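A.B. asks: Fold the following.
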Amino acid sequence: MMGNQEQYLWITGGGTVDATPHHVTKGSHESPVKVRMASCGCCFWGIIWLAVLLVFGWPLSIFLGGLYGFVAPLTACLGLDRLADLLMEGANLGRTCAQNMRHGKPLC
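C.D. replies: Numbering: from 1, shown residues only. Predicted structure coming up:
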């Protein structure tokens with residue numbers, strides 16, 4: 001005879017279904033999923049990083065990414081490796097802002 005979880009997955013077709021119990025009885029070895037709430041400071045810094053991303057991150061990333069597209073083919077001929085690396089870091093500015101926003105990292 002199948003257990004509850006196997007039977008539930010068999011009925012639903014075996015897809016990716018969360019079959020964990022919604023309550024835990026006393027003496028059960030299964031633990032509920034723990035959710036970590038964000039602090040107010042984390043939310044505040046996330047909003048600040050969103051503003052930085054919209055005002056500075058995306059425009060500079062687009063502009064510096066375009067310049068990188070022009071300079072990158074010239075690195076082998078003219079030795080512009082350092083400039084190409086600097087432009088690539090600038091093109092990743094939007095990604096850096098988005099990661100800091102997601103983690104709620106302070107600006108300073």
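
A.B. asks: dump the residue contacts of Gly104.
C.D. replies: Residues in contact with Gly104 (Cβ atoms under 8 Å, 6 or more residues apart in numbering) are 38-39, 41-46, 49. Bear in mind the C-beta positions are built from the backbone N, C-alpha and C, glycine included.

A.B. asks: which residues in this structure form helices?
C.D. replies: 4-11, 40-52, 58-71, 75-78, 81-91, 93-103 (DSSP state H).

A.B. asks: now these in TSV, with mean pLDDT?
C.D. replies: What follows is those, written out as TSV (pLDDT from 0 to 100):
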stretch	mean pLDDT
helix 4-11	48
helix 40-52	90
helix 58-71	95
helix 75-78	89
helix 81-91	94
helix 93-103	93
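
A.B. asks: Rebuild the ones you listed as a markdown table, extending it with mean neighbour count.
C.D. replies: Output for the helices of the chain, formatted as a markdown table (neighbours: other Cβ atoms under 10 Å):
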| stretch | mean neighbour count |
| --- | --- |
| helix 4-11 | 12 |
| helix 40-52 | 14 |
| helix 58-71 | 15 |
| helix 75-78 | 10 |
| helix 81-91 | 15 |
| helix 93-103 | 16 |
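
A.B. asks: circling back: out of the contacts of Gly104, who's nearest Leu86?
C.D. replies: Trp49 (22.4 Å; Cβ to Cβ).

A.B. asks: Who are the contact partners of the closest residue to that closest one other than its chain neighbours?
C.D. replies: Closest residue to Trp49 apart from its sequence neighbours, by Cβ to Cβ, 6 or more residues apart in numbering: Met101 at 3.5 Å. If you count contacts by Cβ under 8 Å, 6+ apart, Met101 has them with 45-46, 49-50, 53.

A.B. asks: rewinding a little: hmm, which two among the contacts of Gly104 are most spread apart?
C.D. replies: Ser39 and Trp49 (14.9 Å).

A.B. asks: before we move on, back to that, which of the contacts of Gly104 lies closest to Met88?
C.D. replies: So of the contacts of Gly104, ranked by how close each gets to Met88 (Cβ to Cβ), first place is Trp49, at 21.0 Å.
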